[in-house]
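# Fold the following, please.
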Amino acid sequence: MGTNPDGSRNRPSVRGATIKEVKALLKELKEDHDDGIELGDKYTVERACRDFIAHGLPQQDGNDIRAHINTHLIPGLGKAKLKRLTADDVDDFLATKRTTHSTSYIARLLGTLRRVIRFAERRNKVRRNVAELVEAPSGTEGRPSQALSLDQGKAIILKARESREPWIYAYVAISMYTGVRTEEARPLKWEHTHLNPIAGEECWCGCRHRETLPAHVEVWRSVRKKGETKTHKSRRTIVLSCYVVAILTDYRRMQAESRERNGHESERIVYVFGTRGDTVKDAGNVRRYFQTIVEGAGVEGSWTPRELRHTFVSWMSDEGASEELIADLVGHVKTSTTRTVNRHQLRPVITKGVELLEGVFSETLEEPK
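Numbering: from 1, shown residues only. I've put the predicted structure just below:
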């Protein structure tokens with residue numbers, strides 16, 4: 001059947017228990033050849049997964065997809081020949097996850113399998129994508145989102161301030177006070193973080209500013225594909241409170257001093273919460289540090305960094321903010337998302353902006369030195 005890329009003759013063979021079986025396999029082999037499909041059935045799901053990671057996986061999507069592949073797909077389906085994989089095989093595989101994983105996670109797992117086979121399909125490794133014929137089954141109920149109480153929030157802020165890693169204090173403060181998504185906070189750059197308040201204006205805390213621009217953060221990027229934010233409305237500019245400005249200013253100074261001590265060029269620091277090599281910090285790394293802070297603060301229960309966003313929404317609601325205002329601040333296209341996903345207490349009262357939270361900590365916490 002022609003020649004291989006290296007010039008050798010392409011002479012595939014089939015093997016079966018009966019003449020009838022061999023003839024059927026030979027017919028299938030010729031059909032694959034005529035349609036440009038790779039011959040033979042040695043290409044496994046595991047190899048398809050490895051090829052997808054190596055050549056088809058965008059860098060921004062890496063961590064979650066790799067976890068799906070290495071933890072679930074390869075152990076569960078890796079040995080199967082991709083051409084022989086059936087919808088029933090996929091159904092049986094997903095059924096094993098129903099008692100251990102949430103419905104949404106199983107759906108994402110199926111989505112990853114579809115992407116892997118779609119990649120193989122584009123490269124003529126398989127004739128069709130059987131995962132497209134399968135619907136994700138229902139799994140366990142996911143842990144409901146939650147928001148910190150005011151006392152819990154204060155305890156976590158105080159504990160974060162004592163951490164040996166100053167970035168976690170700044171990270172918790174900006175997340176809790178602005179409601180940015182974790183995927184938006186991790187790639188935040190200093191060039192998008194402006195700590196200079198309006199000249200001559202009196203701040204909500206009573207101080208007067210000398211600079212010419214309002215203190216704000218431009219939420220324009222995320223760790224999603226091509227750095228895009230979740231939706232078009234997620235691109236937003238948020239005014240920062242004096243409390244957060246003071247924390248970020250102090251943190252930036254310590255960050256520069258640390259770089260100078262280690263022989264790095266402090267003036268070229270790109271990421272606010274970057275690694276020592278000035279790359280975007282891994283989500284798992286942020287979760288581990290945050291959980292350590294939560295445990296150290298004596299806050300019971302299981303908490304993740306994304307719930308700082310839920311906390312912001314709930315506190316804004318507690319202070320009387322309208323759904324429309326909160327949706328603008330957190331980058332929701334619809335107020336229904338604010339109401340049904342992120343809020344834990346909402347009152348439809350129209351009022352002003354982020355200054356509603358300015359006094360929340362001022363009574364109990366000292367300004368950072």
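# just the helices in the stretch 251-369 of the chain please.
All helices of the stretch 251-369 of the chain, identified by DSSP state H, counting those that start in this stretch, fall at 283-296, 307-318, 323-330, 335-337.
# Leu133: which of those is closest?
Among the helices of the stretch 251-369 of the chain, the nearest to Leu133 by CB to CB is helix 335-337 (31.1 Å). Heads up, the C-betas are built off the backbone N, CA and C, glycines and all.
# quick one, which of the helices of the stretch 251-369 of the chain is nearest to Ile106?
Minimum separation from Ile106 across these (CB to CB) falls at helix 283-296, 20.4 Å.
# and the angle from the closest one to helix 307-318?
Angle of helix 283-296 versus helix 307-318, following axes from the mean of the first three to the mean of the last three CA atoms, to 10 degrees, is 60 degrees.
# Mind giving me the packing neighbours of helix 283-296?
The criterion is 3 or more CB pairs under 8 Å, 6 or more residues apart in numbering; DSSP states H and E, and the helices and strands that helix 283-296 contacts are helix 150-161, helix 166-178, helix 182-185.
# Would you mind putting those helices into a markdown table with mean pLDDT alongside?
As requested, the helices and strands packed on helix 283-296 are arranged in a markdown table below (pLDDT from 0 to 100):
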| stretch | mean pLDDT |
| --- | --- |
| helix 150-161 | 92 |
| helix 166-178 | 92 |
| helix 182-185 | 88 |
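# Quick one: closest of these to Gly320.
Ranking the helices and strands packed on helix 283-296 by distance to Gly320, with CB to CB as the measure, places helix 150-161 first at 14.7 Å.
# Thr178: what's it in contact with?
Applying CB atoms under 8 Å, 6 or more residues apart in numbering to Thr178 gives the contacts Val217, Val219, Ile238, Leu240, Val244, Phe312, Leu329, Val354.
# other SSEs contacting the helix or strand that Asp250 is a member of?
When secondary structure is defined using DSSP states H and E, the element that contains Asp250 is helix 242-261. Helices and strands touching helix 242-261, as assessed by 3+ CB pairs under 8 Å, 6+ apart, comprise helix 166-178.
# What about Arg287, how many residues nearby?
Neighbour count for Arg287, taken as other CB atoms under 10 Å: 15.
# Which residues are in contact with it?
With the criterion set at CB under 8 Å, 6+ apart, Arg287 makes contact with Thr304, Pro305.
# residue ranges with poor pLDDT in the stretch 1-150 of the chain?
Filtered on pLDDT under 70, the stretch 1-150 of the chain yields the residue ranges 5, 34-37, 39-40, 58-62, 142-144.
# can you map out the helices along it?
Read by DSSP H, counting those that start in this stretch, the stretch 1-150 of the chain holds these helices, from start to end of the chain: 19-34, 45-51, 62-68, 74-77, 87-95, 103-122, 150-161.
# Let's have those helices in JSON lines, adding distance to Trp303.
Below are those laid out as JSON lines (distance: least, CB to CB, whole Å):
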{"stretch": "helix 19-34", "distance to Trp303": "52"}
{"stretch": "helix 45-51", "distance to Trp303": "33"}
{"stretch": "helix 62-68", "distance to Trp303": "20"}
{"stretch": "helix 74-77", "distance to Trp303": "29"}
{"stretch": "helix 87-95", "distance to Trp303": "29"}
{"stretch": "helix 103-122", "distance to Trp303": "19"}
{"stretch": "helix 150-161", "distance to Trp303": "8"}
